[in-house]
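Visitor: when you get a sec, could you give me coordinates for this:
(2 chains)
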Amino acid sequence: MSLADKLKDKKVLVTGVTGFVGEALLHRIIGDLPGTTVVAIIRPKGSLTGTARMAQLLKKDIFKPFYGEGTDHADAEALTAARIEVIEGDLSDVPELPKDLDIVVHCAGDVSFDPPIHEAFTTNVLGTKSLLERIVETGREVHYVHISTAYTAGRRRGAIPEAPVDHNVDWRTEAEAGMAMKARVEEQSRSAPMLAKFRKEAEKLHRRAGHLTAAADTERRRTEWVAKKLVETGTERARSLGWTDCYTFTKALGERVVEEFSAKLPTSIVRPAIIESAVQSPHPGWIEGFKMAEPLILAYGRGELPEFPASPDSVIEIIPVDHVVGAICAVMATKPELSRPEYYHIGSGARNPLTFEQLYAGVRAYFSKHPFDLGERGAVRLPVWKFPGGDSVESMLRYGERAHKIADKIITTVPRGERTRKYARELDVQKRRLDFLRRYMDLYSEYAQAELQFIDDNVLALHNALEGDDREKFWCDTAVVDWQHYLQEVHCPSVTDSLRRLDVVRKKRNKALAESAGQLKKVEPQQDVEVIAAFDMDGTLLSSNVIETYLWMRLPELDSHQRIGEIGSMLRRLPKLISAERKDRGTFLRTIYRRYEGADLEQLNRIVDELLAEHVLERLSGDAVRRIREHRAAGHKTILITGAIRPLTRPLEPLFDEIIAAELAVDDRGRCTGFLSGPPLVGESRAAWIKHRARGTNIDLSKSYAYADSHSDLPMLQAVGNPVAVSPDVSLFRAARAARWQIVDWKTPSTSSRLELPGVNAR
Amino acid sequence: MSRPGFVLEVDDRTPPLIVHSGEGFLLERFPLGTRVVYPPEALPPVRDVEEAIQNALLNPIDSEPLPELLTAGMRLTIAFDDISLPLPPMKKPDIRQRIIEAVLTMAADAGVDDVEIISANALHRRLTPNELRDIVGERVFRSFFPDGKLYNFDAEDRDNLTHLGQTRHGEDVEISKRAAESDLLVYVNVNLVAMDGGHKSTSIGLASYKSLKHHHNSHTMIHSRSFMDHKASKMHHSAWRMGEVLTQHVKVFQIETTLNNNVFGGPLEFLQKREWEWSLKDQASMLATKRGLAAAPAKLRHKIFTDVRASYELTGVNAGAIEPVHEKTLEVVHRQHLVEVQGQSDVGIIGVPYLGPYNVNSVMNPILAACMGLGYHFNAYRGNPIVRKDGAVILYHPVPYEFSQLHHPSYVDFFEEVLSESTDPATIEAKFEKQYAEDPWYIHLYRTSYAYHGVHPFYMWYWISHALDHCGDIVWVGANRKTVERMGFRSASTLQDALEMVSHSVGRSPSITYLHNPPHLLADVR
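Guide: Below you'll find the predicted structure:
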């Protein structure tokens, strides 16, 4: 009797039908088991109901042959009506099930290897339990097919029989403890010492931008820490009990739950190994999303995986998804006895082993023949793996990470410049690769060094029992797969295909980006709203800083002895000033401006007009002035926002509609007191000022512009719709790149000299 | 007597020759048969400068002696050529200082106390106080500058301009109100090259944009052939017509001076000697300079050249009525600069030096480099250009992308915004000139800072319109490719490559003329 006959008129509940295996199973049932009805539990997602998600699923290419002309079903709706029943629901809260179910296939599960511990327990243990309870409620002797994983064997070695995993961990205790972790970790993250730690780290980077920016970063760090801690807790608990990670650990406990219920329900437990793309059905190479090996294959093809901590002779248990689905169908047709669950290993290691070295050779051969075309530099150089073993790869990686950390420290300390930014960008790429390596090595090294052999006699027996053309349709003997053909002709082409297409698009985009790099788009006049363009001064419009300009202002008044004294005292204070600047710009400015005490404000104005104006103008970047004027020509309101003192902005007055500068407070004789008449406008106060300025007016900030050079201006840049980072420091450069802001380099004319001091040695 | 200029024909005994190229120079071997035009050697100076000045002021041409023109209670204005003359700036004392002091002494003797001294900078940048002091001298500066009686002309100060009328061609004559309303305007000029002086002094130096645009435009400039010959220059014709109107309203006492060709002195003296006559000392200083410049950082190199002061000597001073004075002046200028050249050639070679009239104490930006090569040196001819129609010009200059944001703010924008759209002078004029000329920011910088007027880069571009029109090919040797390309030219690494590039239009063995300039010369092409 064929499988189709055996399963005729059966009603099969499938969970996880939108997942990789679930989808393939649905496809197979619709196509090859014409008498079988599918009941699918689908979780509503966003605004989509479960039914809508099913409709969406059926629109995929692999389902198209099942409806329309020349088939029994006019359209996807007709197909659904005839063969599929959708139940809206979620495994965290399983709805009531139909009373006429014959078989349940539980494919749903958390497939990531490093889920937070509470999530892993929710889906893999508690979800399974509540599903089983609902099945028992139906009162029928439903055949329960549980999809688990071969790696429930954990860190065991050698031959693994198709039998219960040998352990005596109590799943109830573990589940309770695991679920409690979330609250525990959350609570821990809110303790004063932890919060202080997060805040200090955040302030180190963002204090200059302001308290709120730092606070936002603190909270981000906290949630990140909680997530990381929960993952770590899961992994460590798993390892402490002999499993590789939280995924296999909870899967193994899930099997225990299933085994408990096997007294009430005939039960089969299917344990696939690493499921990869299809050999034959729905079509060769069919795969949905990226599974375990894909990121590594792609990274290798891009030349970004220099080495892997695998043993070359360890067997990597890959199985094509159609073999898994064939086996599941065959299992569905069996009739296990109560209290005697049947186990099925779907792996390839027992009879058709693929070693890591062979996998590597296959992938390498594929990419040698079909390299990625990554732009102008020709094919990528493929790394040659020597398989030096886990420890030395680990130490290589650790070395790389340490080197990166040091380089990063240096790059954020050295003076900014085009070259610094170039190095920073290279470092970021390096960092991304290191993170990738770190993540995958931590996740997979256990698997790549596993010395397990999954016995699959039960599956082979199933296969051999298949009759007639069922052997073709539901093939589940992995011995037939020619691995090199599979890797080079089926799997790799399929998983690289989407990326190759993406590469073409990216190449085009990068070319366009490279052409327009550093070029600002022309500004457009706005009809019905007002637009502002806010500019920072020091470092953005001209190369200068408050210390320098302070010397410009003070030195002309002094005789040569006093000048030397003044410069000397500034130099002595320089290290302190620099560290103050890094911490808090406001304090730094106040410290400098204290030194104006006793200066005559009128005199300062006069010095600027007579001596400094030409120095300021000479240092102005031509690009900057052009941009300001472009804004004016477009009818935008140009605003200069600077922490510099008001007199210094005098030469720029004609360019701006509004100038916000630090105001030196004066006494009744017009002498500076050394204090400011209000706090200097730095960091978040600039953003606040701009927002306040726009409030109640016709100004549209989303269409407005801001230009600044320093990380402390981040809030101001974030406040407008068109932020531009001008010759940015490394921190702003990174933020700007992450946010895809425009970055330009406005150079101070090479004709000006830093060493020329107006009124002293300048002509 | 000094030796006259001459044309050398390069043969196999000719040593490598000096070619100026920005802040540096090259020693170039020219193809055999290349004609090299050498200026005359420096003329002997007048024996006694004071005496020559007194003589000119007391015995003017077609005018009463200066003392007779000065009366107590009168309004006297002294205008003088600004820092664009002479090039390079001359060693102190400047000749203008000596003349102004003489004039002021006579004025004091006559009891004149309403005296103002104006730098006739038209749309050029204002002179800094130090630059004014260098020209007029410490004494004059101290007595006049603090009271605001020594100042730069402001062509945008509408309240202080006077419209004197129109010429018979309908050209507006609008000049400094103070000058227009003075009882006597004394103009002190430095007639470095044949282009300067005459009616160009007052009617251009003290005029506003409204007046200047009648001759500083692409049409007039393309028909000025050349600027160095006022009789064949449409620009000068216009200035002369304006001069007629001006002199009807204002009494002008023109004082013109001529200088000899002593441009380089001290360690750079070899630059004005003929290469085969270099002494051991000259060769040593040439080598030292060449090596030193190659090793020096750009800023130091710039400083070395900026600090060059020429040891010019006075070869003549004439005073009186503008036109006859200018005739006399030109005679001396021609004697110093004129070199007879027989016939045009296929290729002209020009070495563009580090300095032009508009980058004194500043940098030579690409537009100024083009103007210096194609506006000044190309136009240093009388009769016919040294290059035949549709011939090729090869220039030497690094043309770096370098602009002074202080002195040439509108140049940067002109380079980025205008030249990227068009390099045709007439198109540029029609589309962009008005916008730049009336731009409030440029006007603000021109009036209060030290910036050339917004329209000035346009004038530079009009200056080269005659060369653009006349030449088939223009190639720069050793120039920044991007900047040269933006200006519509091509760039070659060596002279050989440049000759290769122009060979499609002038053939494989073109006739070549190299203008060995500076020192200044004027090719009289028959």
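Visitor: return the set of buried residues in stretch A:722-740.
Guide: For stretch A:722-740, a neighbour-count test (16 or more other CB atoms under 10 Å in any protein chain shown) marks A:722-737 as buried. Any C-beta I mention is one placed from the backbone N, CA and C, and that applies to glycine too.
Visitor: pLDDT weak spots in chain A?
Guide: Flagging of chain A using pLDDT under 70 yields the residue ranges A:374-376, A:751-763.
Visitor: which neighbouring elements make contact with whichever strand in it runs longest?
Guide: What stands out as the longest strand in chain A, according to DSSP state E, is strand A:637-645. Packed against strand A:637-645 by the contact rule (3 or more CB pairs under 8 Å, 6 or more residues apart in numbering or on different chains; DSSP states H and E) you find strand A:532-535, helix A:546-554, helix A:585-594, helix A:622-633, strand A:658-662, helix A:684-694.
Visitor: partners of the first one, with directions?
Guide: In other words, strand A:532-535. strand A:637-645 (parallel), strand A:705-708 (parallel) (DSSP bridges).
Visitor: assign the closest residue to chain A within the stretch 101-250 of chain B to helix, strand or coil.
Guide: Taking CB to the nearest CB, chain A has its nearest neighbour within the stretch 101-250 of chain B at B:N130, 6.4 Å off. Going by DSSP: H, G, I helix; E, B strand; the rest coil, the secondary structure assigned to B:N130 is helix.
Visitor: tell me how far it lies from B:I83.
Guide: 11 Å (CB to CB, to the nearest Å).
Visitor: looking at these two now, which is surrounded by more residues?
Guide: Using other CB atoms under 10 Å in any protein chain shown as the criterion, B:N130 and B:I83 rank with B:I83 on top: 22 against 10.
Visitor: residue contacts, that one?
Guide: B:89, B:119, B:121, B:124, B:127, B:131, B:135, B:360-361 (CB atoms under 8 Å, 6 or more residues apart in numbering or on different chains).
Visitor: at 6 Å what do you get?
Guide: Counting by CB atoms under 6 Å, 6 or more residues apart in numbering or on different chains, B:I83 touches B:127, B:131, B:360.
Visitor: in CSV: the residues you listed, plus neighbour count and pLDDT.
Guide: Output for those, formatted as CSV (neighbours: other CB atoms under 10 Å in any protein chain shown; pLDDT from 0 to 100):
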residue, neighbour count, pLDDT
B:L127, 22, 95
B:E131, 20, 94
B:V360, 20, 92
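Visitor: just give me the closest of the residues you listed to A:E418.
Guide: B:V360 (31.8 Å; CB to CB).
Visitor: residue in the stretch 251-400 of chain B nearest to chain A?
Guide: Taking CB to the nearest CB as the measure, the stretch 251-400 of chain B has B:V363 as its residue closest to chain A, at 5.0 Å.
Visitor: what's the closest of the buried residues of stretch A:722-740 to B:G266?
Guide: Distance to B:G266, by CB to CB, is smallest for A:S727 among these, at 41.7 Å.
Visitor: neighbours around residue 393, how many?
Guide: I'll assume chain A. Residues near A:V393, counting by other CB under 10 Å: 21.
Visitor: ah, I was thinking of chain B
Guide: 27.
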